[in-house]
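Student: Mind folding the following:
(2 chains)
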Amino acid sequence: MGLVAAELERQGISTVAIQLLRSVAEKVRPPRALAVPFRHGYPLGIPDDAGQQQAVILAALRMLEDPNLQPPAIVDYEPEKDI
Amino acid sequence: MGDLSEFPLKYKLFLKAYPWRRIDPVPWAPLKKPLRDSRAAVISSAGLVGPDQEPFDDSIRGGDFSFREIPADTDVFTLTDTHRSDLYDHSGLRQDPNLAFPLDRLQELVKNGRIGSLNRRHLSFMGSITAPGRLIKKTAPPAVRKLVEDGVDIALLVPV
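Tutor: Below is the predicted model:
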């Protein structure tokens, strides 16, 4: 996903990628990555839990709005911030 | 936590040794307008295909580097998981494809005004591509151009 994100940014589209392995984001360096504490197969958390999925997406969107982030930006998802 | 401990030893070793492509320099497209005015697209590498679309081809050496366009009005529960990796549990995604293709969640964000609109089409890729050269050179540029032509401002990328 990081490689596709890079192409999107090169063509002017702002991106944020959900990242299941923080170590991979550190190596690949997508422009913006939200590192989530979920296992593979569950990138947004719990199935049918719209609230939790929404919280993860909102955390990702906040990265797009953050003027202080510099590329490559990795932010760890912290669920308590969304309560 | 999504970490290497989830995987069998041989895959842990593979992932540790895998020569990940380092993006350098890192391109950066700052947000051009407020999210409430931005058009969003979803891009997933969960190998999902829509009704009547060809499944991703697991026989392609290095990984299937094609993509599928998923129209915005697709019922995500009609998407089919064609990612054949046995390294992760597919049951959650099959129960709720929003986990990796969150069209319903983004529609909700449009309704409540957090983002401006959802693009008319979204992109589905196969993950676990071990030879990404063709994806980088042949597939991604024209796929992204479609979104640029659509006036997409932001993209949420979701792996699996």
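Student: residue ranges of the helices in chain A, please?
Tutor: Assignment of helices within chain A using DSSP state H yields the ranges A:2-10, A:22-28, A:50-65.
Student: so can I have TSV of those helices showing mean pLDDT and distance to chain B?
Tutor: Using the backbone N, CA and C atoms, a C-beta is placed for each residue, glycine as well. What follows is these, written out as TSV (pLDDT from 0 to 100; distance: least, C-beta to the nearest C-beta, whole Å):
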stretch	mean pLDDT	distance to chain B
helix A:2-10	95	4
helix A:22-28	93	4
helix A:50-65	98	5
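Student: Buried deepest among those helices, which one?
Tutor: By mean neighbour count, with neighbours taken as mean count of other C-beta atoms under 10 Å in any protein chain shown, helix A:2-10 ranks first of these at a mean of 24.
Student: Give me the distance from that helix to the chain's centre.
Tutor: Shown here is helix A:2-10, whose average C-alpha point lies 14 Å from the average C-alpha point of the whole chain (C-alpha atoms, centre = their mean, to the nearest Å).
Student: of all the helices of chain A, which lies closest to residue B:9?
Tutor: Evaluated over the helices of chain A, closeness to residue B:9 peaks at helix A:22-28, with 16.9 Å, by C-beta to C-beta.
Student: hang on, the earlier thing: residue B:131 is nearest to which of the helices of chain A?
Tutor: When the helices of chain A are compared by C-beta to C-beta, helix A:2-10 sits nearest residue B:131, at 11.9 Å.
Student: Now do the closest one: which elements does it pack against?
Tutor: strand A:14-19, helix A:22-28, helix B:140-150, strand B:154-158 (3 or more C-beta pairs under 8 Å, 6 or more residues apart in numbering or on different chains; DSSP states H and E).
Student: Pick out the shakiest of those, pLDDT-wise.
Tutor: Confidence, taken as mean pLDDT, is least for helix A:22-28 of the helices and strands packed on helix A:2-10 (a mean of 93).
Student: what packs against that helix?
Tutor: By contact count (3+ C-beta pairs under 8 Å, 6+ apart), the secondary structure elements abutting helix A:22-28 are helix A:2-10, strand A:32-35, strand A:73-76.
Student: Compute the inter-axis angle for the first one and strand A:14-19.
Tutor: In terms of direction (axes from the mean of the first three to the mean of the last three C-alpha atoms, to 10 degrees), helix A:2-10 departs from strand A:14-19 by 170 degrees.
Student: CA atoms only: put helix A:2-10 into PDB for me.
Tutor: As requested, C-alpha coordinates have been extracted for helix A:2-10 and formatted as PDB (Å, rounded to 0.1, in the frame of the first residue of the first chain):
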ATOM      1  CA  GLY A   2       2.900   2.300   0.700                       C
ATOM      2  CA  LEU A   3       4.100   2.200  -2.900                       C
ATOM      3  CA  VAL A   4       0.600   3.100  -4.200                       C
ATOM      4  CA  ALA A   5       0.400   5.900  -1.600                       C
ATOM      5  CA  ALA A   6       3.600   7.300  -3.000                       C
ATOM      6  CA  GLU A   7       2.200   7.300  -6.500                       C
ATOM      7  CA  LEU A   8      -1.000   9.000  -5.300                       C
ATOM      8  CA  GLU A   9       1.100  11.800  -3.600                       C
ATOM      9  CA  ARG A  10       3.300  12.200  -6.600                       C
END
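Student: This completes my enquiry, with thanks.
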